[in-house]
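1. Quick one: sequence plus predicted model below, questions after.
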Amino acid sequence: MSLSFTSLGITNLGYTLAYRLRVTPWEHPGTGLRAQLATYLDHEERAGGPLGKALDAGCGTGDHSIEMAGRGWHVTAIDAVPLAIDRARRKAAAENVSVEFRVGDVTALGYSVGSGYRFVLDVGCFHGLTPAQRRAYAREITGITEPGATLLMFAFGPGRRGPLPRGVSRAELERTLAQWQLDTDDPGDTSGMPPMVRRSNPRWFHLTRTM
C-alpha cells in the first residue's frame, strides 16, 4: 500500500521520518490486496484497448507503478516525499522498467504531469486527505484525465482509528468526485495485513469520468 503525503506540514514530516526510519507498514499490503489489484488491472487492460497513460497518485516507493509499467502502461507516479521517490527510482532501474517518478502534490498538480490520462491508481491516497484537500484532488485528477478515464481507488472505510487515515464513505466519495460515476464498490481482501488494517473495512472503488 502506498499513501499520499500531500500536505507539506506535520503529516508530511511524519511520513518523511517514517521512510527515513523504514517504519513503513503500508509498503507491505499483503497478498490479498496485490492479487486484487492484479485482477483489476487485467480487467482494465482487456476492456480498454491499447494501453495508454496512467498516473499512480501517492505512489510511495513505486511498487504499483513498476507493476503497471511492466504491463505496458505509460506510467507517471507522484508522491510528496523525496526519499520515497528516490527509492522508487532505484527499484524501477533494478527492474529495468520505465516510470516517470516525480515529487509533487496530488492536490496541486496543475499540468505538471501533463494531461490525457486514461487510468489513475490511488492505493491509500485520497482516504488520508482533509475535506479541502479532497476537493482539490477531485479538481486536479479530473483536469488531467480524459472523459471515460478510470479511477481505481483503495480506501479504508470511515472512522477514527488512531494513526490510521480517517477513511472515506461511499457517499462522500460520490459527492466529492461529482464528475465521476462510481461503478463498483468491493471489499478489500485483507489477507496478510495487520489486525488494525483488517478492521478498517477497506474498499476498492472503481470510478469512470463522465465529463
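-> Yep, it's here.

2. Residue 111 falls within a strand, correct?
-> No. Using DSSP: H, G, I helix; E, B strand; the rest coil, the assignment for residue 111 is coil, not a strand.

3. now what about whichever strand or helix holds residue 41, what contacts it?
-> Under the criterion of DSSP states H and E, residue 41 resides in helix 31-47. If you take CB atoms under 8 Å, 6 or more residues apart in numbering as the criterion, helix 31-47 is touched by 1, 51, 64, 67-68, 71, 119, 123, 150, 152, 154, 186, 188-193, 202, 204, 206. Placement of C-beta: from N, CA and C, glycine included.

4. Just the ones of those in helices?
-> Among the contacts of helix 31-47, the ones falling in helices (DSSP state H) are 64, 67-68, 71.

5. Looking at those residues, which one is closest to residue 107?
-> Closest approach between those and residue 107, by CB to CB: residue 64, at 19.8 Å.

6. Let me see the contact set for that closest one.
-> By CB under 8 Å, 6+ apart, the contact set of residue 64 is 2, 37, 56, 121, 123.

7. Let me know the distance separating it from residue 176.
-> 22 Å (CB to CB, to the nearest Å).

8. What mean pLDDT does the lengthiest strand in the chain get?
-> Scanning the chain for the strand with the most residues, using DSSP state E, yields strand 145-155. Mean pLDDT, strand 145-155: 96.

9. Enumerate the positions of that strand that are buried.
-> Neighbour counts over strand 145-155 (16 or more other CB atoms under 10 Å) mark 145, 149-155 as buried.

10. quick one on the thing from earlier: tabulate the contacts of residue 64 (TSV), appending neighbour count and distance to residue 82.
-> Formatted as TSV, the contacts of residue 64 follow (neighbours: other CB atoms under 10 Å; distance: CB to CB, whole Å):
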residue	neighbour count	distance to residue 82
2	28	15
37	22	25
56	30	16
121	28	21
123	26	20
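
11. helix, strand or coil for residue 181?
-> strand.

12. who's it bridged to?
-> Here residue 181 sits in beta bridges with residue 208, as judged by DSSP bridges.

13. Name the surrounding residues that touch stretch 165-178.
-> By CB under 8 Å, 6+ apart, stretch 165-178 touches 3, 124, 126-128, 134-135, 137-138, 141-142, 151, 153, 155-161, 182, 185, 200-201, 203, 205, 207.

14. Which PyMOL command selects the buried ones in these?
-> Those of the contacts of stretch 165-178 that count as buried under 16+ other CB under 10 Å are selected in PyMOL with:
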select buried, resi 3+124+126+127+128+134+137+138+141+142+151+153+155+156+157+158+182+200+203+205+207
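
15. Go through the contacts of stretch 165-178 and flag which are in strands.
-> Secondary structure defined by DSSP E assigns 151, 153, 155, 182, 185, 203, 205, 207 of these to strands.
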